[in-house]
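Asker: Sequence first, then the predicted structure:
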Amino acid sequence: MNAKVVLLLSLVAMVTADAPPAYSYGAPSSEESAEAKYDFQWAVKDDYSGNDFGHQESRDGDNTQGSYYVQLPDGRLQKVTYYVDGDSGYVAEVSYEGEARYDSVESREDVYAPPRPVYG
């Protein structure tokens, strides 16, 4: 009787060892994925805080191009135009619009002053 049980358990162990795993972590399939293609843009402009920035980009396969801009604290608008074409890497051109303005510190309302020390 013991021999039959041992033989049956050995047979079950061999069958389950040959079964494929439920989850596979093998290499990806040989099918190529579709080429990347997208187009987006967004912008933020808040007159109260002075925030003005945005970004736009489009991609078709290995060719990507876009630009982004930001209103700098000195009043200028910084623009970056870029492209990526295959293996050429990220190529950017930076430009500025407007003149830099530096207001006097006394005229600003949000001037930082460190707190006075308090001795107890």
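Answerer: Ah, there it is.

Asker: use CA for all of it now, contacts and neighbours both
Answerer: OK.

Asker: all strands of the protein, in order?
Answerer: When assigned using DSSP state E, the strands of the chain occupy the ranges 37-46, 51-60, 63-71, 77-85, 90-97.

Asker: and those strands as CSV, adding mean neighbour count and distance to residue 119?
Answerer: CSV is the format used below for those (neighbours: other C-alpha atoms under 10 Å; distance: least, C-alpha to C-alpha, whole Å):
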stretch, mean neighbour count, distance to residue 119
strand 37-46, 11, 42
strand 51-60, 16, 40
strand 63-71, 18, 43
strand 77-85, 17, 46
strand 90-97, 12, 49
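
Asker: would TSV of those strands with distance to residue 112 and mean pLDDT be doable?
Answerer: Conversion of these to TSV gives the following (distance: least, C-alpha to C-alpha, whole Å; pLDDT from 0 to 100):
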stretch	distance to residue 112	mean pLDDT
strand 37-46	23	94
strand 51-60	20	94
strand 63-71	22	94
strand 77-85	25	93
strand 90-97	28	94
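
Asker: With distance to residue 103 added, can I get these in a markdown table?
Answerer: Compiled in a markdown table, these are given as follows (distance: least, C-alpha to C-alpha, whole Å):
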| stretch | distance to residue 103 |
| --- | --- |
| strand 37-46 | 21 |
| strand 51-60 | 18 |
| strand 63-71 | 16 |
| strand 77-85 | 17 |
| strand 90-97 | 18 |
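
Asker: Quick one, which of those strands gets closest to residue 115.
Answerer: Among those, strand 51-60 comes nearest to residue 115, with 28.2 Å by C-alpha to C-alpha.

Asker: I'd like to check the angle between that closest one and strand 63-71, please.
Answerer: 180 degrees (axes from the mean of the first three to the mean of the last three C-alpha atoms, to 10 degrees).
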